[in-house]
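S.K.: What follows is a predicted protein model with its sequence.
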Amino acid sequence: MMTGNTMKSIEAFLSSRYLDGMFYLSLIGVYTTATAVYRMISKVVPEDGGGEGRKVLLSTPRVLSPIVLLLFLLSDHYFPSPRPTLLLLSFAYGLINSASIESAGTITCMLTGHMHKLANGAVSGNVGGDKAQRRSIAVLTGFGGGVVL
């Protein structure tokens, strides 16, 4: 999702379609914000409902799943234009992907995963502070540079 939006934003800016470029960048920003929101909530609510055999009613995915449902319902019924709908869906998928990455340990290797790592670092106040984040910055920079060329 973020790989395509990164390519489309760079292509739009190179073609002097600045409004389109800003829209694609906003999709990336909304997605990254959703991953940061997930991370902030996971610091307050346990990821796995308590772990170690304890039963806890709340877990981060359980807290956020009604929000995701609401975002999908809003995108289906309340916006006639596709652009606001895509912003809602970008936020919803940011939450969904965060749940799969953080809770299930799904490995990501596309730009989305690198953006996820950087959003988590931003919440922790440590962007670019560790080797994995520096690698993510290098991958994103290299990818963007390759698209420009």
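M.R.: Ah, there it is. Nothing here was measured: the structure is a model prediction, and the numbers come from that model.
S.K.: switch to C-alpha atoms for all contacts and neighbour counts from now on
M.R.: Will do.
S.K.: Next, the buried residues of the worst-scoring helix or strand of the chain on mean pLDDT.
M.R.: Lowest mean confidence among the helices and strands of the chain (mean pLDDT, DSSP states H and E): helix 111-124, at a mean of 76. In terms of neighbour count (16 or more other CA atoms under 10 Å), helix 111-124 has its buried residues at 111, 112, 113, 114, 115, 116, 117, 118, 119, 120, 121, 123.
S.K.: will you turn the residues you listed into TSV that also has distance to residue 69?
M.R.: Shown next, in TSV, are the buried residues of helix 111-124 (distance: CA to CA, whole Å):
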residue	distance to residue 69
111	25
112	22
113	23
114	26
115	23
116	21
117	25
118	26
119	23
120	23
121	27
123	24
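S.K.: closest to residue 17 among the residues you listed?
M.R.: Sorting the buried residues of helix 111-124 by distance to residue 17 puts residue 111 at the head of the list, at 22.8 Å, by CA to CA.
S.K.: quick one, longest helix in this structure?
M.R.: helix 18-44 (DSSP state H).
S.K.: Let me know the secondary structure of the spatially closest residue to residue 148 that is not a sequence neighbour.
M.R.: Nearest residue to residue 148, sequence neighbours excluded (CA to CA, 6 or more residues apart in numbering): residue 10, at 6.9 Å. Secondary structure state of residue 10, per DSSP: H, G, I helix; E, B strand; the rest coil, is helix.
S.K.: what does stretch 79-96 rub up against?
M.R.: Under the contact criterion CA atoms under 8 Å, 6 or more residues apart in numbering, stretch 79-96 has outside partners 26-28, 30-35, 37-38, 64, 67-68, 71-72, 74-76.
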